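[1] coords please:
(chains A and B)
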Amino acid sequence: MRNIYRGFRSLRRNLARTTVILLILGLVACLSLAMLAVERGVSSRVAEVEATVGTLIDVRPAGAIGPGPDGELLPLELVDDLALLDGVADVVPLLVARTADPSRPGSGEPMQGGPRFGSFTLGVEPDRPLSVPGGGTVEIVSGRSLEPGDAGRAVVVVGALLASERGLAVGSTVEFAGRDFEVVGIHESESRMGRSAVFMPLDTAVEVLGLGGLTQVTVRVTSIGEVDAVREAILAAWGETVDVVAQKDSFAGRFEETLGNLRATSRIGLLLSLIAAGAVVFGTMFLVVRERSREIGILKAIGAGRRDIALQFGAEAVALSLIGALIGVILLGLIGPSVASAVVSLAGQSAPAVGPGGGPAGAGLPGGGMPGAQMFMARQGVGVLLGSLDITVTWALAACAAAGGVALGLIGGLVPALAAANLKPAEVIRGE
Amino acid sequence: MNDRVAIRVERLSKEFTFGGQRVQALREVSFSVETGTMVSVVGPSGSGKTTLVNVLGGLDSPTAGEVWVEGRPIHVLREADLTEFRRRRVGFVFQAYNLIPGFSALENVGLPLEFDGTPRRRREERARECLELVGLPPSRHRHTAARLSGGEQQRVAVARALANDPAFILADEPTGNLDSANSDIIVNLLASLAREQGKTVVMVTHDRSLAARAERVFEMVDGRIL
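    Numbers count the residues shown, from 1 in each chain, chains lettered A, B, ... in the order given. Now for the predicted structure:
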């Protein structure tokens, strides 16, 4: 322990030099930790994207462009047929109808006291969580969501914006296509369109809207490796009447690729900064051993063994890199948000171009059945997705920095410490 | 072997390379020193005095010949055994004091005891004893080397050499950086260690008047004892 104490204490010998080296190490450590945080954040996002959209396949009527029923519909029996295919884990039917626009005759069913024109009515299976196309997550703020027992019933869950505009509350009655609907819940979501959306049981929607089919079916495959096989099977069976889009190949895949590149870049940055930190520790300790070689000879003359010398200089290297790592943690606390902002900006510049109604975003709108986060990402880009990237100092990150500092000190200081231990006392005292 | 013989050197030679040149530092040197005596080694620079002390203290290994200390063959000991030998049996005093910067006088004197695993309390106690023995006032015990005069630093160096109660004191030009008054103090101290505590002292010096205080004087020239 005394050897280790002497190693820590030796840092005070040349305070000016130690301070400069610690600042350099702190900056490098800060960069390493930032890269680590980015890598973790991006990996988490990639995992989310893979888990949520990587195994989804959208099936839509051939030639369908918009979200609403602007052409042929998918037959209701398709849901059961798709469920029988090998590798299919789940099949989610969806019927989307655009609410009437008074200025455009025949654009949809009017709703007395109901939704504004241009918003959407969604027929969904009542036993599934509600998902608002293009609007992020759905949160029930009043009443309840749809339930399995609602199948066939005239009940709706309406968006908060719509409820506010129309003065609707849980228990209110609205007329839709000549039929009264009970409002059983009010939901809130992230987008304006979502806040106006109306959910009703799928079979009720089919009956009320009188469309007799579905606008989209989303197939969830058991694993990402099965996606291509299932897509081929769907095309083989219904290829002439449907369009099939595997979401891993569409915009989600492209964003995943961008995130993957960012993750690879952060890993390379992490590796390079660790190498730089190791080089700083190694160089410093090598210099220290050269400077103090005579002292090492004296210590050996008065009874220090090789182990004593190796421990003292090894401890000095560990102390140096440990303190450097902790300075890095402090610096990260100060500049972490700026680093996050820079990373998001960089990612935003490298992300695929998106825009309302066109490109990937347009292709995925309401009929896409995408979870809210992915739609949000699609509309506003990777930069926005990473806007939630968290580069803040946590106890876990500080512990990681401390462990890394110790490891780096051991690795970077090993060779100089062993060199010190192996110095021949007579030679260094003689001044060779 | 005579029990009184502390050091026996037979046909000791040492060669090394220094500044790219091959140096024959010792040439078949032979002598013996009895326990509890003080000997001095004099000679011009480069005559091999320091090399002789280094080999006697196990800091350097001979190229040829034998070195026996207290009946132990130093010339064949392994590094670990040499470390043990230096730690327990030898105390070194160097010309340039060579105290550890930033450490107090007490800590410097306690260093050899640290390597020996002596507990802190006992270490401090022994360091105080040694510092009192060399005449450093207690008020100076906690001063770092940089705040002590040259004479005081060399006293601390002698105290450090005594910390482990060694049988041998090897002093290489201990007065080289001191004025005459302080030189007298240090040489008298070394002589008293031999006389009163029975330690065997080998002192290298270029000052013949100081060398004369020893019981025996070895004069070295070109690696040989005359």
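[2] C-alpha only now, for contacts and for neighbours.
    Fine.
[3] now stretch B:96-103, how far from the centre of its chain.
    16 Å (CA atoms, centre = their mean, to the nearest Å).
[4] buried ones in that stretch?
    B:96-100, B:102-103 (16 or more other CA atoms under 10 Å in any protein chain shown).
[5] same deal with stretch A:189-202?
    Applying 16+ other CA under 10 Å to stretch A:189-202 flags A:189-202 as buried.
[6] equivalent analysis for stretch B:35-55, please.
    Buried residues in stretch B:35-55 (16+ other CA under 10 Å): B:35-43, B:47-55.
[7] and chain A, which of those residues reach it?
    Near chain A, judged by CA under 8 Å from any CA of the partner chain, the entries from those are residue B:54.
[8] so what's the residue in chain A that chain B sits nearest to closest to, chain neighbours aside?
    Using CA to the nearest CA, the closest approach of chain A to chain B is made by residue A:303 at 3.8 Å. Setting aside the residues directly before and after it, residue A:303 is nearest to residue B:87 in space (CA to CA, 6 or more residues apart in numbering or on different chains), at 3.8 Å.
[9] helix or strand: which one has residue B:7?
    Per DSSP states H and E: residue B:7 is located in strand B:5-18.
[10] my bad, should have said residue A:35
    helix A:15-52.
[11] contact residues of chain B facing chain A?
    So chain B meets chain A at B:18-19, B:54, B:59-60, B:80, B:83-84, B:86-88, B:90-92, B:98, B:100-102, B:111-112, B:114-116, B:161 (CA under 8 Å from any CA).
[12] the chain: strands as residue ranges?
    Because you didn't say which chain, this covers chain A. A:56-61, A:88-98, A:111-112, A:120-124, A:139-143, A:155-159, A:173-176, A:179-188, A:198-201, A:216-221, A:242-246 (DSSP state E).
[13] chain B, not that one
    Taking DSSP E as the criterion, chain B carries its strands at B:5-18, B:21-34, B:38-42, B:64-69, B:72-73, B:90-93, B:168-172, B:200-204, B:216-221, B:224-225.
[14] need those in TSV with mean pLDDT, can you?
    Listed next are those as TSV, based on pLDDT from 0 to 100:
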stretch	mean pLDDT
strand B:5-18	90
strand B:21-34	92
strand B:38-42	95
strand B:64-69	94
strand B:72-73	92
strand B:90-93	92
strand B:168-172	93
strand B:200-204	94
strand B:216-221	94
strand B:224-225	92
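[15] in TSV, list these along with distance to residue A:92.
    Shown next, in TSV, are these (distance: least, CA to CA, whole Å):
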stretch	distance to residue A:92
strand B:5-18	86
strand B:21-34	88
strand B:38-42	100
strand B:64-69	92
strand B:72-73	90
strand B:90-93	88
strand B:168-172	92
strand B:200-204	97
strand B:216-221	102
strand B:224-225	102
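[16] low pLDDT regions in the stretch 251-400 of chain A?
    Along the stretch 251-400 of chain A, the parts satisfying pLDDT under 70 run over A:251-256, A:344-390.
[17] let's see that with 80 instead.
    Applying pLDDT under 80 to the stretch 251-400 of chain A flags residues A:251-263, A:336-337, A:339-392.
[18] what does it put close to chain B?
    A:295, A:298, A:300-305, A:308.
[19] which of those residues lies closest to residue A:63?
    residue A:308 (78.9 Å; CA to CA).
[20] and the residue lying closest to residue B:93 once chain neighbours are set aside, bridged to which residues?
    Distances taken as CA to CA, 6+ apart put residue B:171 closest to residue B:93, at 4.4 Å, once the chain neighbours are dropped. As for beta bridges, residue B:171 partners with residue B:93, residue B:203 under DSSP bridges.
[21] over to residue A:198?
    Counting by DSSP bridges, the residues bridging with residue A:198 are residue A:121, residue A:158.
[22] against residue A:2, how distant is residue B:103?
    Relative to residue A:2, residue B:103 is positioned 13 Å away (CA to CA, to the nearest Å).
[23] could you tell me how many residues sit around residue B:104?
    Neighbourhood size, residue B:104 [other CA atoms under 10 Å in any protein chain shown]: 21.
[24] which residues are in contact with it?
    For residue B:104, the contact set (CA atoms under 8 Å, 6 or more residues apart in numbering or on different chains) comprises B:141-145.
[25] one more: residue A:28?
    Contacts of residue A:28 (CA under 8 Å, 6+ apart): A:273-274, A:276-277, A:328.
[26] mind showing which ranges of chain B have poor pLDDT?
    In chain B, residues with pLDDT under 80: B:1-3, B:18-19, B:97, B:178.
[27] residue boundaries of the helices in it?
    Along chain B, counting by DSSP state H, helices occupy B:49-56, B:79-89, B:105-115, B:120-133, B:150-162, B:180-197, B:208-211.
[28] who wins on neighbours among the contacts of residue A:28?
    residue A:328 (28 neighbours).
[29] ok, it touching residue A:25?
    Yes - between residue A:328 and residue A:25 there is a contact at 7.4 Å, judged by CA atoms under 8 Å.
[30] around residue B:217, how many other residues sit close by?
    18.
[31] same question, residue A:396
    Neighbour tally, residue A:396, other CA under 10 Å: 9.
[32] same thing with residue A:179?
    For residue A:179, using other CA under 10 Å, the count is 12.
[33] centroid residue for chain B?
    The geometric centre of chain B, computed from its C-alpha atoms, lies nearest to residue B:170 (CA atoms, centre = their mean), at 1.8 Å.
[34] how near is it to residue B:12?
    Residue B:170 is 18 Å from residue B:12, by CA to CA.
[35] hmm, residue A:37 is touching residue A:394, no?
    No - applying CA under 8 Å as the test, residue A:37 and residue A:394 come out as separate, 10.4 Å apart.
[36] more neighbours: which of the two?
    Neighbours were counted for residue A:37 and for residue A:394 using other CA under 10 Å; residue A:37 has more, 22 against 11.
[37] just give the nearest non-adjacent residue to residue B:116, would you?
    residue B:87 (7.1 Å).
[38] ends of stretch A:6-16, what's the gap?
    19 Å.
[39] quick one: that stretch near chain B?
    Yes - for stretch A:6-16 and chain B, the contact criterion (CA under 8 Å from any CA) is met by residue A:13.
[40] can you give me the buried ones in that stretch?
    A:6-11.
[41] got a list of contacts for that stretch?
    Contacts of stretch A:6-16 (CA under 8 Å, 6+ apart): A:18, A:311-317, A:319-320, B:101-102.
[42] quick one: that stretch to chain centroid distance?
    44 Å.
[43] residue A:331: what's it in contact with?
    Shown in contact with residue A:331 (CA under 8 Å, 6+ apart): A:26-27, A:30.
[44] on that earlier part again, isn't the residue nearest to residue A:303 right up against residue B:114?
    No - using CA under 8 Å, residue B:87 makes no contact with residue B:114, being 10.2 Å away.
[45] so between the two, which is more surrounded?
    residue B:87 (24 against 19).
[46] how near is the more buried one to residue B:165?
    Applying CA to CA to residue B:87 and residue B:165 gives a distance of 10 Å.
[47] then residue A:305?
    18 Å.
[48] and those two? Which one has more around it.
    residue A:305 (24 against 19).
[49] which one is the more buried one nearest to, not counting chain neighbours?
    Residue A:305 sits nearest to residue B:83 (CA to CA, 6+ apart), 5.8 Å away.
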